[in-house]
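Trainee: Curious how this folds, go ahead:
(chains A and B)
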Amino acid sequence: MKKFLGFVRKEFHHIFRDRRTLLILFGMPVVQLLLFGYVIVNDLRNARIAVLDLASDQVSREITGKIISSGFFRLVTYLESERDIHEVLKQGQVREVIIFEKDFARKLQSDGRAAVQVIADASEPNTARMMVNYTQGILMSYTLERNRNLPQAAAIIPEVRMEYNPELKGVYMFVPGIIAMLLTLICTLLTSIAITREKELGTMEVLLVSPLRPVQIILGKVTPYLLLSLLNAMVILLMANLVFGVPVVGSVVLLLAMTMLYILTALSLGILISSLTGSQQVAMMISMVGLLLPTILLSGFIYPIENMPLWLQAICHVMPPKYFITIMKDIMLMGNGLMYFWKEAVVLLFMTAVFIILSVKKFKIRLS
Amino acid sequence: MRTIGFLIQKEFLQIFRNRSMLPIIFAVPVVQLIIIVHAATFEMKSIRLFVVDHDRSVLTREVCDKFRGSGFFRITGYSDLDRDGEQGMKQREADAIVVFPADFEKQVSMGRDARFQLIVNAINGSAGGLIHAYTQSVVQDMNHNLRKESGLISMETRPQQIDLTYTFWYNPELNYQTFMVPGILVILVTVISLLLSGMNIVKEKEIGTIEQVNVSPIRKYQFIAGKLIPTLLIALFELAFGLGVGKLLFDIPLEGNLLLVFFAAAVYSCVILGLGLLVSTMTGTQQQAMFVSFFFMIVFILMSGLFTAAENMPDWAQWLNHLNPVAYFIRIIRMVLLKGSGFTDIRPDLFALALLAVLSITLAVRRYRKTV
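Mentor: Residues are numbered from 1 along each chain as shown, chains lettered A, B, ... in the order given. I've put the predicted structure just below:
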């Protein structure tokens, strides 16, 4: 035991000596939270538009005014003719062109309807769709205003309640994902690199001939990372709570227990990767492509899994982070107890067992 | 010149000798393209709706039909107990719950407004907003029918309406894949340039072989050129390979001049190579280098507008983006590939990239010392 503790201490020295990595380990979640909280927004804001006003009457000007003052759009220029449309869109000066037909006000008055044409730059489809939707919304509320004095029939009115995230903040969705990503990064990536590093430098041999048993070597390697990642997860939770007001509705003890479980899964995967390869570069690439990418994309972190094609959903189901993020959302945001996510927890346990068994089988006491 | 040639040859030998690097170089682009393109969509295909119906009337059934018929919603649960709805949401089987009160139909038949409750699981904020918007359009449709039935639409009291017609240029079907593929190619070039270049030098440092290079008559610029040129070539090759895969699998449009794309990619790759080199001068182990690179990569990519439109970011973030090479290159590659923009259209962005390239490489070369 004393030998083991000494070994753990040596590993801690390794980690703490490397100030830059430490700084990044704790700086990364902070920067990411800030990015996701303030920068990554899905709302339209100051989209650049041009107006081609063939009517140039009071109504078309009124509508233009409404569109500009909405805050969603910013008028860059008035166009003179349809020929200019192609030019401004291609250069990327504007994202949307709004065209009012000739005699707009008169048609609206006499025929009861008038036409507005919108051309949106759809090389960014999400933004294009949003721009059209928002334009439509503004036009709709404008006509509603004009028609206010007409007799109304009984109507159906929905009363909307946004559960779990009343202000529709984007950061709610991202906090569990950021924690999952950081844990994956520390536990899997760092661990696999730390072990392959010993192999690459040849110091693994020194460790193997030492009186420490292989199990102790591995445990000693991972213990510091375990503590480090737990600490990191708590920093993220605290900051999310203090800066962005993301709550932990459910039990904190349960949350930490589940975090521990996922740390074990990630660590055992890191060990497995390191037992499969001998070079840091390869370990890194495997961790990046095989793990980090899925953690970001195939786990429900940014993109909802339900919208993906079925074959991809099937792949998502073998990705450990998916289960962890589901559990985190359940506890943190919905306040669910164990009975709602015991299946996910069992899957994680099972995966951990498989990883450990595989890496024990693969672990070689002898080098090359 | 011959020295550089030999150095390049040595680098290529080292890279390709590593058996596991080859599959990575070829597999990464394909895997990335296929997975990211299919995964990265905000489109809501079917919203799972749980209906709690206390009324069980003709009208509530009609509203349900309208929800179903809209194409956005799928009704996955039906009950007359509030508790069932709550359970459905907690068990993640429903994205939203609709609750009709017992007197729903009665209110409408008496000519009064009828209210129902829509409870949305809003953990995903933007999805929550979409569900709300889709519900509004269903309800509007419904109200339009009600108004028609009540015979309130006559010539004099006819409401005015503005018809909106819209066209989507450059991507008429709003195909998300044509949007994502160019962006993913950017990530590809970035990852390869950053990881291979910086990591390679640090690896020599870590193993100690850098000292042999340092005591050899190789000049500083020769060493650096020998390190950068192979990576640059591999990055450009990856881009070509990725473009081919994108064309074959996703039929992405290649509107503009491909040479322009490769030229911009070469300039961009130089920026990233410079940064990689800079990182390698500041770090001593591959682990450190990896972490520093990874950190900047994540920040650059998230802010670049790859996943979300950069224009919607707050002003200070947009200002910071002037220093973000990824943002420039993503804009360029999208403009050229999707819109067919020419050299004049992308000139400002290209100049900015060139400036960044000169800056990063100069900085890196100045910091690089042959002494340990």
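
Trainee: those helices in the stretch 1-150 of chain B, which residues are they?
Mentor: With helices called from DSSP state H, counting those that start in this stretch, the stretch 1-150 of chain B shows them at B:2-17, B:21-39, B:58-69, B:82-90, B:104-109, B:125-149.

Trainee: now do the stretch 251-368 of chain A
Mentor: A:252-276, A:280-287, A:293-297, A:310-316, A:320-329, A:338-362.

Trainee: same deal with the stretch 201-350 of chain B?
Mentor: All helices of the stretch 201-350 of chain B, identified by DSSP H, counting those that start in this stretch, fall at B:210-215, B:220-245, B:258-282, B:286-303, B:315-320, B:325-334, B:343-367.

Trainee: highest average neighbour count across the ones you listed?
Mentor: helix B:325-334 (a mean of 25; mean count of other C-beta atoms under 10 Å in any protein chain shown). Backbone N, C-alpha and C define where each C-beta goes, glycine included.

Trainee: so where's chain B shaky on pLDDT?
Mentor: For chain B, the stretches with pLDDT under 70 are B:20-21, B:41-43, B:151-158, B:370-372.

Trainee: residue closest to the middle of it?
Mentor: B:Phe307 (2.7 Å; C-alpha atoms, centre = their mean).

Trainee: I'd guessed that residue sits against A:Ile302; true?
Mentor: Yes. Counting by C-beta atoms under 8 Å, B:Phe307 does reach A:Ile302; the two are 6.7 Å apart.

Trainee: Can I get the helices of the stretch 201-350 of chain B in JSON lines including distance to B:Pro29?
Mentor: As requested, the helices of the stretch 201-350 of chain B are exported to JSON lines (distance: least, C-beta to C-beta, whole Å):
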{"stretch": "helix B:210-215", "distance to B:Pro29": "30"}
{"stretch": "helix B:220-245", "distance to B:Pro29": "4"}
{"stretch": "helix B:258-282", "distance to B:Pro29": "14"}
{"stretch": "helix B:286-303", "distance to B:Pro29": "16"}
{"stretch": "helix B:315-320", "distance to B:Pro29": "29"}
{"stretch": "helix B:325-334", "distance to B:Pro29": "15"}
{"stretch": "helix B:343-367", "distance to B:Pro29": "22"}
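
Trainee: gap between the residue nearest to the centre of chain B and B:Ile187?
Mentor: Here B:Phe307 is placed at a distance of 11 Å from B:Ile187 (C-beta to C-beta, to the nearest Å).

Trainee: and what of B:Leu320?
Mentor: Distance from B:Leu320 to B:Ile187, by C-beta to C-beta: 19 Å.

Trainee: Can I get the helices of the stretch 1-150 of chain B in CSV including mean neighbour count and distance to A:Ile286?
Mentor: Converted to CSV, the helices of the stretch 1-150 of chain B look like this (neighbours: other C-beta atoms under 10 Å in any protein chain shown; distance: least, C-beta to C-beta, whole Å):
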stretch, mean neighbour count, distance to A:Ile286
helix B:2-17, 14, 17
helix B:21-39, 18, 8
helix B:58-69, 16, 45
helix B:82-90, 17, 37
helix B:104-109, 17, 57
helix B:125-149, 17, 32
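
Trainee: Dump the ones you listed into CSV; add distance to B:Ile47 as well.
Mentor: Listed next are the helices of the stretch 1-150 of chain B as CSV, based on distance: least, C-beta to C-beta, whole Å:
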stretch, distance to B:Ile47
helix B:2-17, 48
helix B:21-39, 19
helix B:58-69, 9
helix B:82-90, 12
helix B:104-109, 21
helix B:125-149, 6
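
Trainee: JSON lines please, covering those helices and showing distance to chain A.
Mentor: As requested, the helices of the stretch 1-150 of chain B are arranged in JSON lines below (distance: least, C-beta to the nearest C-beta, whole Å):
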{"stretch": "helix B:2-17", "distance to chain A": "10"}
{"stretch": "helix B:21-39", "distance to chain A": "4"}
{"stretch": "helix B:58-69", "distance to chain A": "7"}
{"stretch": "helix B:82-90", "distance to chain A": "6"}
{"stretch": "helix B:104-109", "distance to chain A": "5"}
{"stretch": "helix B:125-149", "distance to chain A": "4"}
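
Trainee: Could you pull up the contacting residues of B:Val261?
Mentor: B:Leu239, B:Leu243, B:Ile332, B:Ile333, B:Val336, B:Leu337 (C-beta atoms under 8 Å, 6 or more residues apart in numbering or on different chains).

Trainee: for A:Val8, that is, sorry about that
Mentor: Here A:Val8 is in contact with A:Gly220, A:Thr223, A:Pro224 (C-beta under 8 Å, 6+ apart).

Trainee: Present those residues as JSON lines; the columns should include pLDDT.
Mentor: Below are the contacts of A:Val8 laid out as JSON lines (pLDDT from 0 to 100):
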{"residue": "A:Gly220", "pLDDT": "84"}
{"residue": "A:Thr223", "pLDDT": "86"}
{"residue": "A:Pro224", "pLDDT": "87"}
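
Trainee: Can I have the buried ones of those residues as a ChimeraX selection?
Mentor: Buried members of the contacts of A:Val8, defined by 16 or more other C-beta atoms under 10 Å in any protein chain shown, are picked up in ChimeraX with:
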select /A:220,223,224
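
Trainee: Go through the contacts of A:Val8 and name the one nearest A:Gln91.
Mentor: Nearest to A:Gln91 among the contacts of A:Val8: A:Pro224, at 54.0 Å, using C-beta to C-beta.

Trainee: nearest residue to residue 89 other than its sequence neighbours?
Mentor: You didn't say which chain, so I picked chain A. A:Asp121 (5.2 Å; C-beta to C-beta, 6 or more residues apart in numbering or on different chains).

Trainee: try chain B instead
Mentor: B:Asn121 (5.5 Å).

Trainee: Hmm, B:Ala94 and that neighbour touching each other?
Mentor: Yes. Using C-beta under 8 Å, B:Asn121 makes contact with B:Ala94 at a distance of 7.4 Å.

Trainee: what's the helix or strand for A:Val175?
Mentor: Assessed by DSSP states H and E, A:Val175 sits inside helix A:171-183.
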